Each structure stands twice: as structure tokens, then as C-alpha cells.
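Colleague: From the sequence below, what's the structure:
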Amino acid sequence: MSDEEEFEEIERIVLGLDEPDFDLYDRVACLDMVKAHQLERKRRQFHSMGNLREGVGGTTVTGEMAPTFDDSGAGSEQQSSITAAISPGPTRQSPAAKNTNSVENLLERSGGVQNNFSEGKELATTTPLGVDTQRAVASTISKTSPLLRFADKTEEQNISRQKRGVEEQAALEGIGASGGMVDPKIRHVWSEAVDLSEIRNVEDQTEFRSLRAQLGIDKISAETLSQYHVRGHMDAFDQPAICYPRYRGPSTRNRIPNGLKVIRRVSGGKLTKENYPDESSEKVRFTGMFGLQMVTQFDNRIVLCTNERDALAVYDASNGIPALSLPLGERFDSTVIPYLEDFDLIYIWFPHIHERFAKSYASYLNAARCYIITASLRPVELVRDNRAKEVLHNIQDAVRVRYKGFRSVQDLRDSVRGEIVQSKTKLSGLTMWKRYALLNNYLRGFRPSEITILSGGSYGKTTFMCEYAMDLFTQGIRTLFCNFEMPEEKILKWMIIQFAGPSHVRSLARSRTFTTRTKVPLQQRQDHSAVEMWLDRFERTHSDLIIMKTEEFRDKTLKEIADAIREQTLACGTQHLVIDNLQALVDMATVNIDPMTAAERTHQQDRFVGMLRRMANAQELHITLVVHPVREPNEQGYYELQHIGGPSAKITQEAENVLVIQRRRETDDRRKFRKFLYILKNRFGGRCLEVDQIEMLFQPSTLIHSLVEVSR
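Modeller: As a prediction, the model looks like this:
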């Protein structure tokens, strides 16, 4: 059924042509309901359309009667002010308006019912309808459903058409690229300006060609000028001008810009500059940047210039690197900062005399991502002199404002937040000690990129270090053990005996009695049959243990030994490096050198420690260094930091942790000694210990040390 047939069907029902029993009041009631249906649809339609003007078929509807509604729901009409049409031509009614007028025509044909509409409505609300009338009303509403669906469809088409025409409407009525009203002067000049490539008048072409040469942009391609929306304008006095538009975001060439800079050549060849809106006004809001409409979401680098000609030259000569012109030139403008937040690299190309302004801009834009181009010539000068290739070279040779090794608070923000929020996890590091669980209370954990020093007299440093390292690599820490005093077989023997022995001694009495979970001292004759079993278990630990064969490095220098260790740790992904001990390593590396003084020997040690520090930082490697004290203990028999580091104190300065084994003679029995572990330096754990609090109890049968905290 066509639309006209649907309307005729509704007409027949409403006017009672098919229902002769309808009286006047019944017809008014039906008309009231149908009218209310249509008026509500019309109300929703106009609310959804807002204040947009409708342009159909390339013309603008002028003088259209826009309906208004009073409290009773009745329709009244008043004239709405719409701007002049683009071009004269016949106007068309929208389908929605046509539908509404059709219902009004039905009312007019009902014999003057429309004039008495208010009265009829009142009667209809007070007079009950009969059964037949109610059925007729229901049938009428069902008949109007296709009409309502048709109105919905036409409404969607209208809105879609209006969206497509928004750009042309905005250009006509002065709506800027950001959606707000623009300066009327900008609208006037922009509507009269044309693309330079579209100028057809020969005299005008000559004028603009001369003006471009005077500005130095005659070598810039017409395509670049068109992409930047650069236009030419001729005023009433035939004075040519170049128009540089400014935008706040992506835009098309038909949109009126938010700001406009006009360079005009007046009589005598003099150039004048006009900015719209006026820069001197304090109420002028940010009008955008020249070239900002060229930036897309895929661009991660830009070039900032102080004027439009330089921006055009950069884009034209660099194969399309987006270049922007700052609205205030070299003067700092805080309003541009939010528009530059998303770029990873920002190249700042200011004139050479304005380099200090470029550094100021870089500091506000996060200097870590900024590069300053220090070329003596500006981009437009290079292009004008046929040296366009140097533009890209200068960008590639830009100077970084802040180099890689320097950071700001902004760069470290996330890392600092992690240090605060996850401090406990970061202090725990790679793992915690199990055999020496007491160390966890002080050192907090085993962390990468640290240096730990173990020192003390000749009473158990290597034995303690073997179990210390074995506790870690059995938990999955990849370890490289370098001992320069003992053969590697001896080191492995001690480790396997300690591995087979009890892992914990939970309680030890002062009488040195103890209870163990396992009786496996492998060095005893009756247990030699279990050696193979424990060797197999030792090999199947969770991580690799590499032993350095020191005999292979007898004739090597310190640098060669350090390079070999670094290559091995890189190849195996080592996490823990043990060197036992520093003095023996230096002696082995310098044995073929003429006798050295104490100062020279100390210098060699400090040099090797510096190599270890670089290795620890670069490879996130934890290095444990066994160091003999260089001086005798003090009068009380205590070793202090100055007894370990020597005159330069380089060793203790580089270390994060310094552990010292102290020995005390029993007062009751001078033949017996007690050993204590001191913590003289604890950079990140925070707890130092310089009293006899952690006692080291040694079990000779299993070569195991047990750490016990002595109550005081």
C-alpha cells in the first residue's frame, strides 16, 4: 500500500466515512488521539534535530514555519529566523513536515472541527465513548503504525543528510573547526580567499607568484601549501595576501579556522601582518596552531617552528614530517602544552638567536623527549637556497636536551611509586635464605645489582661462604663460584658435605649439644657408600653451579680475568658471582709484575672492584666478595670498616652489605672461642649489627654453621 493510500484509509476512518454512526463528538475524540500521536512524534523529531538548519538538494530552507507547543498540546506556528540561502531555488518540505501537514489537512476537511478543537477536546474527555467508537479508535491507531514507522525512517534520513551538510552549513554560518562561533572577520576573509592552485586570473597568478617569492616560499610545492590550507586573498584594492590558518585539531579545508594570520603586500611592496582574532585582546582564547590539522594519531614526532614559512619548509623538505608553527613565536605559550603531550619526539627548530627560548620550551615539554636543532640557517632559507636536503640532515643531527643518563622526576615517577608501594617485595629481591633464615631479618633478602663483602680473620670465611652460596643456588639462583686459594675439588667437597648434612639445627644448647634430622657426615668411613647418591642429588638441584678453574688464569691480567668472568656470566645468565678472595686474585694477576708498593697493590684492587661494580649494574648481578682485613683489629679485638677497605676505602664504599666474622675467646676457658657475625653496613636493609648478637655455631662433622640470635 502506498503512502497516499495509507493517508486516505486513515482519512476515511477518522472522518467517519466508513462509520456513519459517528457523531461529531466521537469524531473529535478520534481526531484528538490521532493529533496527539502526531504532535508527540513531531515534538520528538524537533528535539532530536536541535537547532540544526536543514539544507535539502543544495538549498537552504528559508522562512520555514517551526511549530511551537502550548501547555494544552495544541500546535501554533511562528516564524523562525534562518540565514539566507546559498543560492535561490525552490524549497522542499521534509517528509516529516509533509506527514504532519497531512493530519492538519484531515482536520480542516472535518467540517470546521479544527476551529473548535479545544472545545471538542474538552467534550471528548468528559463524554464516554461507546464500544464501537473505542474499536474504531484502536483501529485508527493500528492503522497509523505504518505511518509512524515511515516517519522514523524519514527522520533518520534527514538527520544523516544534515550531518553530511554540517560542514557546508558551518562554513556558511561561521561555525569554526572546534564547533564554536568564530571571529566574523575570519569568516569574511576566509570566505573570499581561495586555494593558490585554484587561481585562474593571469594577473592574480602573477601577483601571488611575486608575493610567494618575496616571502621565500616560492620553492615550496603547491601540494604542501594546499595540505596546510594556505590560501590567497585579494582585497578591494587588489592587494594580494597569503592566509595562514590556525586550528585546534583535525579539520578539512572547508572549515573556517579558529585563527588566521594574513600577510598582505600593500603599495610600495611593503608587507603588513594581521592576526585574527586580535592578539592584543586579553579575552582572546587559544586559536590553535598552524599545521595542527595535519597531525594524525599515527604521528609520534613533530617539529616546532616559530613561524609558518619554516613549518612549510620543514614539511616539504623532510618527506612529510609534521611541522607546527607556534602562535606566539619564540615566546612561551602554556596553552599549547596539552596539544603536544602525545608525541614521543619533539624537534625544536628556532632561529639561532632564539636558542635560549627553545631550551625554555624543552624544559616545559619534558626535556627527555626534546631535541634542539642548532643550525645557523632557518628551514625556509635552506629551501630558498636550493639546499632542501640539509633540512632532513639537520633534524637527524639535532642535539638532545637531556641525555639518556639524566632523568627528571617525571621520568622516574612510575619507578618511585613502585619503590614505595612495593617496597617489601623489592627488598625481598630474588629469594630469601633458608639455611640462614636469621639473615632475612636484617638484610631483608637477596637482591640483584648489589655487592656483599664477607671479611674477618682466618677462621671460617670460605666454609661459611660455601654454605651461603649453596643455600641460594639450591633455590634456583644460577651461581658462578671463583676461588683463588683452593682447588675447585675441595670447594665442591665442602658443598656436598654441607648439602648432605642437616639443613637446619633448630635448637642448640649452650653446652654445644644438638639434634639433627639426618646423620650423614660423608667424610666418615661408614658413609662412603652414600657419596654417589648425594652427588646425584647435588647435580639435580634447581640451578646450575659453575666452578672457575683458576689454574687457567695464572698468567692473565686483571682486565683479562674480569673480561672472562663477564663473558661467562653473560653466557650462562649468572645471578650470583662469588669471588674468594680479592687479595688472592690480585696477587695471581700481578705475580709476573715487578715488585709493587702497597699503594700500587691497593690501586689494582680498587680498579678490579670498579670493574665488578660496572658488571653488577650492567648485568643485574649480585656479587659476593671475600676480602681479608688489611689491618689488625682494634684493642678490643673488633674489626671495623676501616680495617677492611684500606686507605682508599673503595671496597666498602662500593658495597651495599658488609658482613664480618668476629671471634671472641671464652673468659672461662681460654682454649675455646665463640664466633659472631657482625653487619657493619646494610644500605637497603637498614639494620646494622656491631654487637655480639648473632652467634655462629659450627658443626665440624657436617661443616655447617648455624646462626643463633643471642638474647641480651
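Colleague: Just give me the neighbour total for the spatially closest residue to Y371 that is not a sequence neighbour.
Modeller: Closest residue to Y371 apart from its sequence neighbours, by Cβ to Cβ, 6 or more residues apart in numbering: A398 at 3.6 Å. All C-beta spots, glycine's among them, are computed from the backbone N, C-alpha and C. By other Cβ atoms under 10 Å, 19 other residues sit near A398.
Colleague: Show me what the helix or strand hosting V383 is in contact with.
Modeller: When secondary structure is defined by DSSP states H and E, V383 falls within helix 379-384. Residues outside helix 379-384 that contact it (Cβ atoms under 8 Å, 6 or more residues apart in numbering) are 216-220, 305, 309-310, 312-314, 316-317, 349, 375, 388, 390-391, 394.
Colleague: which helices and strands does whatever helix or strand comes next after that helix pack with?
Modeller: Next in sequence after helix 379-384, counting helices and strands by DSSP H and E, comes helix 389-396. Contacts defined by 3 or more Cβ pairs under 8 Å, 6 or more residues apart in numbering; DSSP states H and E place helix 389-396 against helix 308-317, helix 379-384.
Colleague: the inter-axis angle of helix 389-396 versus helix 308-317?
Modeller: Taking axes from the mean of the first three to the mean of the last three Cα atoms, to 10 degrees, one finds helix 389-396 and helix 308-317 inclined to each other by 100 degrees.
Colleague: next helix or strand past helix 389-396?
Modeller: Sequence-wise, the next helix or strand downstream of helix 389-396 (DSSP H and E) is strand 399-400.
Colleague: now what about the helix or strand where L324 lies, what contacts it?
Modeller: Element membership of L324 [criterion: DSSP H and E] is strand 323-325. Strand 323-325 has contacts (Cβ under 8 Å, 6+ apart) with 244, 289-292, 295, 302-308, 310-312, 314-315.
Colleague: let's see 6 Å
Modeller: Strand 323-325 has contacts (Cβ atoms under 6 Å, 6 or more residues apart in numbering) with 289-292, 302-305, 307-308, 311, 314-315.
Colleague: element containing V578, please.
Modeller: strand 576-580.
Colleague: So which bits of the helix or strand just after that strand are buried?
Modeller: Sequence-wise, the next helix or strand downstream of strand 576-580 (DSSP H and E) is helix 582-589. Within helix 582-589, the residues that count as buried by 16 or more other Cβ atoms under 10 Å are 582, 584-586, 588-589.
Colleague: need those residues in CSV with pLDDT and distance to F684, can you?
Modeller: Below are the buried residues of helix 582-589 laid out as CSV (pLDDT from 0 to 100; distance: Cβ to Cβ, whole Å):
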residue, pLDDT, distance to F684
L582, 91, 22
A584, 90, 29
L585, 91, 27
V586, 89, 28
M588, 88, 32
A589, 86, 31
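Colleague: related to what we said a few turns ago, by contact count, what packs against the strand holding V578?
Modeller: helix 461-473, strand 479-483, strand 622-627 (3 or more Cβ pairs under 6 Å, 6 or more residues apart in numbering; DSSP states H and E).
Colleague: Quick check: end-to-end length of stretch 551-558?
Modeller: Stretch 551-558 stretches 14 Å from its first residue to its last (Cα to Cα, to the nearest Å).
Colleague: residues in contact with it?
Modeller: 561, 589, 608.
Colleague: And those, which is closest to E666?
Modeller: Sorting the contacts of stretch 551-558 by how near they are to E666, with Cβ to Cβ, puts F608 at the top with 38.5 Å.
Colleague: give the contact list for that closest one.
Modeller: L558.
Colleague: and the angle for the helix or strand harbouring it with strand 576-580?
Modeller: According to DSSP H and E, F608 maps onto helix 598-619. Angle of helix 598-619 versus strand 576-580, following the same axes, to 10 degrees, is 170 degrees.
Colleague: List the buried residues for helix 598-619?
Modeller: The neighbour-count check on helix 598-619 (16+ other Cβ under 10 Å) flags 601-602, 604-606, 608-609, 611-613, 615-616, 619 as buried.
Colleague: Same question for stretch 486-496.
Modeller: Residues of stretch 486-496 classed as buried: 491-496 (neighbour count, 16+ other Cβ under 10 Å).
Colleague: rewinding a little: the strand holding L324 - what's its average pLDDT?
Modeller: Regarding strand 323-325, the rounded mean pLDDT is 95.
Colleague: Downstream of that strand, the next helix or strand is which one?
Modeller: Counting by DSSP H and E, the next helix or strand C-terminal to strand 323-325 is strand 345-348.
Colleague: Which secondary structure elements does that following strand sit against?
Modeller: Secondary-structure packing of strand 345-348 (3+ Cβ pairs under 6 Å, 6+ apart): strand 301-305, strand 370-372.
Colleague: partner strands of the shortest one, parallel or antiparallel?
Modeller: The partner list of strand 370-372 in its sheet, established with DSSP bridges, is strand 345-348 (parallel), strand 399-400 (antiparallel).
Colleague: ok, then the element right after the shortest one?
Modeller: Which is strand 399-400. Sequence-wise, the next helix or strand downstream of strand 399-400 (DSSP H and E) is helix 409-421.
Colleague: next one: the first one
Modeller: Per DSSP H and E, the first helix or strand lying C-terminal to strand 345-348 is helix 355-364.
Colleague: Enumerate the positions of stretch 334-352 that are buried.
Modeller: 336, 339-340, 343, 346-351.
Colleague: So, low pLDDT: which residues of the stretch 101-250 of the chain?
Modeller: Scanning the stretch 101-250 of the chain for pLDDT under 70 picks out 101-182.
Colleague: picking that back up, mind putting the buried residues of helix 598-619 into a markdown table with distance to N201 and pLDDT?
Modeller: Below are the buried residues of helix 598-619 laid out as a markdown table (distance: Cβ to Cβ, whole Å; pLDDT from 0 to 100):
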| residue | distance to N201 | pLDDT |
| --- | --- | --- |
| R601 | 91 | 85 |
| T602 | 88 | 86 |
| Q604 | 86 | 89 |
| Q605 | 87 | 90 |
| D606 | 82 | 91 |
| F608 | 83 | 93 |
| V609 | 81 | 93 |
| M611 | 77 | 94 |
| L612 | 79 | 94 |
| R613 | 76 | 94 |
| M615 | 75 | 95 |
| A616 | 76 | 95 |
| Q619 | 72 | 93 |
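Colleague: Turn those into JSON lines, columns for distance to M465.
Modeller: Formatted as JSON lines, the buried residues of helix 598-619 follow (distance: Cβ to Cβ, whole Å):
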{"residue": "R601", "distance to M465": "23"}
{"residue": "T602", "distance to M465": "23"}
{"residue": "Q604", "distance to M465": "23"}
{"residue": "Q605", "distance to M465": "19"}
{"residue": "D606", "distance to M465": "22"}
{"residue": "F608", "distance to M465": "18"}
{"residue": "V609", "distance to M465": "18"}
{"residue": "M611", "distance to M465": "21"}
{"residue": "L612", "distance to M465": "16"}
{"residue": "R613", "distance to M465": "20"}
{"residue": "M615", "distance to M465": "19"}
{"residue": "A616", "distance to M465": "17"}
{"residue": "Q619", "distance to M465": "21"}
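Colleague: That'll do, ta.
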